[in-house]
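Colleague: Let me see the structure of the following:
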Amino acid sequence: MEFNIEKLENYTLVEVLEEKLDTHIAPALKSELVLISGKGEKNIVMDLSKCKYCDSSGLSAILVANRLCKNSGGVFVLTGLNDAVERLISISQLDTVLNITSSKQEAGKVIETASTSNQ
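Modeller: Residues are numbered from 1 along each chain as shown. A predicted model of the protein is given here:
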């Protein structure tokens, strides 16, 4: 199984269960994200704590999630980054565009705060 998707109160949690977020996984992840968004879910937390490697197609999937959430007036949060993935995101300057937290609990708080400020 490549992902674990769990609908929580304020958001959907997408856990990537593979060590590599690359061309083998990214297309399926993008499809899942589009389905989640299509069901009306605006807020997504993506947990990459099991992911040790990410390539450009993985970054593309992350950006798809971010765009889907933004387009629906929601929030996308990335969490659980290991050093290599965090470095790639930083080099790509995506750390200036994405909401990144160190834990799922923190990610939940970001979404909660954004949800209350949007009301």
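Colleague: So for the one residue sitting closest to the centre of the chain, what's the nearest residue that isn't a sequence neighbour?
Modeller: For the chain, M46 is the residue whose C-alpha lies nearest the centre (CA atoms, centre = their mean; 3.0 Å). In space, M46 comes closest to V14 once its chain neighbours are excluded; the distance is 4.8 Å by CB to CB, 6 or more residues apart in numbering. (C-beta placed from N, C-alpha, C; glycine too.)
Colleague: part of a strand, is the one you found?
Modeller: Yes - residue state for V14 (DSSP: H, G, I helix; E, B strand; the rest coil) corresponds to a strand.
Colleague: Which residues are in contact with it?
Modeller: Neighbour list for V14: F3, N4, I5, L29, E32, L33, I36, I44, V45, M46, D47, A65 [criterion: CB atoms under 8 Å, 6 or more residues apart in numbering].
Colleague: What's the PyMOL syntax to select whichever of the residues you listed are buried?
Modeller: Selection of the buried residues among the contacts of V14 in PyMOL, burial being defined by 16 or more other CB atoms under 10 Å:
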select buried, resi 3+29+32+33+36+44+45+46+47+65
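Colleague: Show me which pair in the contacts of V14 is furthest apart.
Modeller: Farthest apart among the contacts of V14 by CB to CB are N4 and A65. That separation is 15.1 Å.
Colleague: L13 and E86, how far apart?
Modeller: Distance from L13 to E86, counting by CB to CB, to the nearest Å: 19 Å.
Colleague: And for D47?
Modeller: 14 Å.
Colleague: just V75 next, same as before
Modeller: From V75 to E86 the distance is 20 Å (CB to CB).
Colleague: Quickly find the element holding the residue nearest to the centre of the chain.
Modeller: Applying DSSP states H and E as the criterion places M46 in strand 44-47.
Colleague: Output the contacts of V14 in a markdown table, with pLDDT appended to each entry.
Modeller: Compiled in a markdown table, the contacts of V14 are given as follows (pLDDT from 0 to 100):
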| residue | pLDDT |
| --- | --- |
| F3 | 93 |
| N4 | 95 |
| I5 | 96 |
| L29 | 97 |
| E32 | 96 |
| L33 | 97 |
| I36 | 96 |
| I44 | 98 |
| V45 | 98 |
| M46 | 98 |
| D47 | 98 |
| A65 | 97 |
